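Give the three-dimensional model of this entry:
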Amino acid sequence: MTLLAFALLLLAAVIGYLVNWRAARAIREGGQRLHSLMGFHGLFSLLMILVPVLTVLLLWLGFEGPVINRMILASLPAGELEGLGSGAIQLISAEIRSIAGGRIFGTPEDWKLDAADRLIALRTWSDILLVVVVVILSLGILLFSRSRVTADFRARQASESIVKGLMIACSVVAIFTTVGIIFALVFEAYRFFQIVPFTEFLFGTNWEPQIPIREDQIAAEGAFGWLPVIIGTLVISFVAMFIATPVGLLSAIYLNEFAPKTVRAVVKPVLEILSGVPTVVYGFFAILVVAPALRGTGADLGIDISSNTALAAGGVMGIMLIPFISSFADDALSAVPRSLRDGSLALGATRGETMRKVLFPAAIPGIVGGVLLAVSRAIGETMIVVMAAGLMARMTINPLDSVTTVTVQIVTLLIGDTAFDNPKTLAAFALGLMLFVITLGINVLALRIVRKYREIYD
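Below is the predicted model:
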């Protein structure tokens, strides 16, 4: 039924376009001069139908699930939910949804079966009502937009106003989404720091988030010092950037200035293929090829190398990042005005001197952007680290040891059904907040660098 609603909306928008277009053409053929072209009259009707009805449709689908779930829980027999916590209520709700979907495990109680039947009925009526609302709104707006078709109607300005309002709305949504993410991080991190002191988290040298959740469970008391985690992140990122930055920049310089056109036409697409390889493939390559090769080389040289190492993970991650840096650097070098290159060559400089003293400094803003994108990708990478570097947090900067990263620990802490009322799960938000602060600082520093060089070469 949801697909039918979208199809009806699209059909109504197309019909609205054709109706207004034909009406505008009839006015022009009648001898009157139109203020706007016929296509703008059709576009006005299409946007008038598509934008508001699509908004209603998306809001309906967004609130349908929570509203129906509240109605189902409110209709349960008295006393069934009494004394239960939020986690137990969520499990009951999930079980009712599973029964409604035909996934029945064991022999559920009769009241759960009745609730599942009510859930199916409510979903059916909701879908029918959604289709009816879409049809009524579409027809109403279609008639309204048709009534606006006159010779003096400013259809172009009206259409542009709708598009402008749509872009403003999208910008507002993006802003509020960012604010919501920051608020969620800060709020949950604040809850974590109410349990674990901020100084212990910031300066602690031991990361052992496993704590007892039940009274009868045997587990460690937990340690939440994030230094081993952030050091592991920095070590792997440093290894990756140490490999990716020079290789990416030198390959971009060669392809942009020194490579023949035939070589560039072949090498550049092949190099950019690396950016489309899934990270899990890089992870397999790291654990099946790179890590055993490092261990074998270490054994031959008498060096003790762990089975999972930061060097293996960072090295393979560096290979993954080469296309990002190379592509951005090549685009930045290509964007440098031709006059700078020609002027340098005309003054007697060699191609190497022109690249080193003119083109490369002028392209610094774009190159910094590419490097920063690679840094962000390195910091946020998870799969390669899980497969090649391990999960254990160690206070070491030795790339031959097994380490972990912030993103890996966030994923580990939030795996499965988790209740956000203990420091183990809330620690993920604290890690996320600190990672956000670090990346924000990197971006601010990059903006200062880009602005400085842009002022020099503008």
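
Counting neighbours, what do you get for residue 124?
Other residues near residue 124 come to 11 when the count uses other C-beta atoms under 10 Å. Every residue, glycine included, has its C-beta placed from N, CA and C.

helix/strand/coil for it?
Of the three states, residue 124 takes helix under DSSP: H, G, I helix; E, B strand; the rest coil.

what pLDDT does it get?
Looking at residue 124, its pLDDT reads 87.

any idea how far it is from residue 75?
Look at residue 124 and residue 75: by C-beta to C-beta, to the nearest Å, they are 16 Å apart.

Also residue 232?
In terms of C-beta to C-beta, residue 232 sits 50 Å off from residue 75.

ok, the two, which is more surrounded?
Between residue 232 and residue 75, counted using other C-beta under 10 Å, residue 232 has the larger neighbour count: 30 against 13.

quick one: that one and residue 407 touch, right?
No - in this structure, residue 232 is not within contact of residue 407 by C-beta atoms under 8 Å, at 10.7 Å.

How far does the lowest-mean-pLDDT helix or strand in the chain sit from its chain's centre?
Across the helices and strands of the chain, mean confidence by mean pLDDT, DSSP states H and E is lowest for helix 86-100: a mean of 75. Put simply, helix 86-100 sits 29 Å off its chain's centre (C-alpha atoms, centre = their mean, to the nearest Å).

repeat for stretch 392-412
Here stretch 392-412 is found 23 Å from its chain centre; the criterion is C-alpha atoms, centre = their mean.

Pull up the distance across it, start to finish.
Terminal residues of stretch 392-412 lie 11 Å apart, using C-alpha to C-alpha, to the nearest Å.

Now the most centrally placed residue in the chain: closest residue in space, sequence neighbours ignored.
In the chain, the centroid-proximal residue (C-alpha atoms, centre = their mean) is residue 380; its distance is 10.6 Å. With sequence-adjacent residues excluded and distances taken as C-beta to C-beta, 6 or more residues apart in numbering, residue 380 is closest to residue 407, at 5.7 Å.

Need the residues that contact the helix or strand hosting that neighbour.
Assigned by DSSP states H and E, residue 407 belongs to helix 406-413. When contacts are defined by C-beta atoms under 8 Å, 6 or more residues apart in numbering, helix 406-413 is touched by residues 207, 209, 226, 229-230, 233, 379-382, 385-386, 389, 391, 393, 424-425, 427-428, 431-432, 434-435.

Go through it and flag the buried ones.
For helix 406-413, burial by neighbour count (16 or more other C-beta atoms under 10 Å) applies to 406-411, 413.

Now distance to residue 47 too, for those residues, in JSON lines please.
Formatted as JSON lines, these follow (distance: C-beta to C-beta, whole Å):
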{"residue": "406", "distance to residue 47": "44"}
{"residue": "407", "distance to residue 47": "41"}
{"residue": "408", "distance to residue 47": "46"}
{"residue": "409", "distance to residue 47": "47"}
{"residue": "410", "distance to residue 47": "41"}
{"residue": "411", "distance to residue 47": "42"}
{"residue": "413", "distance to residue 47": "45"}
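
which stretches of this structure have low pLDDT?
Applying pLDDT under 70 to the chain flags residues 79-87, 106, 210-222, 416-421, 453-458.

other SSEs contacting the longest helix seen in the chain?
When the chain is parsed with DSSP state H, its longest helix is helix 155-195. In terms of contacts (3 or more C-beta pairs under 8 Å, 6 or more residues apart in numbering; DSSP states H and E), helix 155-195 is packed against helix 38-74, helix 423-457.

Direction-wise, compare it with helix 423-457 and give the angle.
Here helix 155-195 runs at an angle of 130 degrees relative to helix 423-457 (axes from the mean of the first three to the mean of the last three C-alpha atoms, to 10 degrees).

mind checking how far residue 406 is from residue 375?
Shown here: residue 406 relative to residue 375, a distance of 14 Å by C-beta to C-beta.

Please apply the same query to residue 125.
Taking C-beta to C-beta as the measure, residue 125 falls 52 Å from residue 375.

who has more neighbours, the two?
residue 375 (22 against 11).

Settle this for me: the more buried one is touching residue 443, isn't it.
No - using C-beta under 8 Å, residue 375 is not in contact with residue 443, being 9.8 Å away.

Other residues contacting stretch 47-58?
5-6, 9, 12-13, 16, 130, 133-134, 137-138, 141-142, 144-145, 159, 162-163, 166.

Out of these, which end up buried?
The buried subset of the contacts of stretch 47-58 - by 16+ other C-beta under 10 Å - is 5, 9, 12-13, 16, 130, 134, 137-138, 141-142, 145, 159, 162.

Among those, which lie within helices?
Filtering the buried ones among the contacts of stretch 47-58 for helices - DSSP H - leaves 5, 9, 12-13, 16, 130, 134, 137-138, 141-142, 145, 159, 162.

need the contact list for residue 446.
By C-beta under 8 Å, 6+ apart, residue 446 lies in contact with 368-369, 372.

Among those residues, which one lies nearest to residue 185?
For the contacts of residue 446, the closest approach to residue 185 (C-beta to C-beta) belongs to residue 372, at 21.2 Å.

Distance check, the closest one against residue 447.
Residue 372 is 10 Å from residue 447, by C-beta to C-beta.
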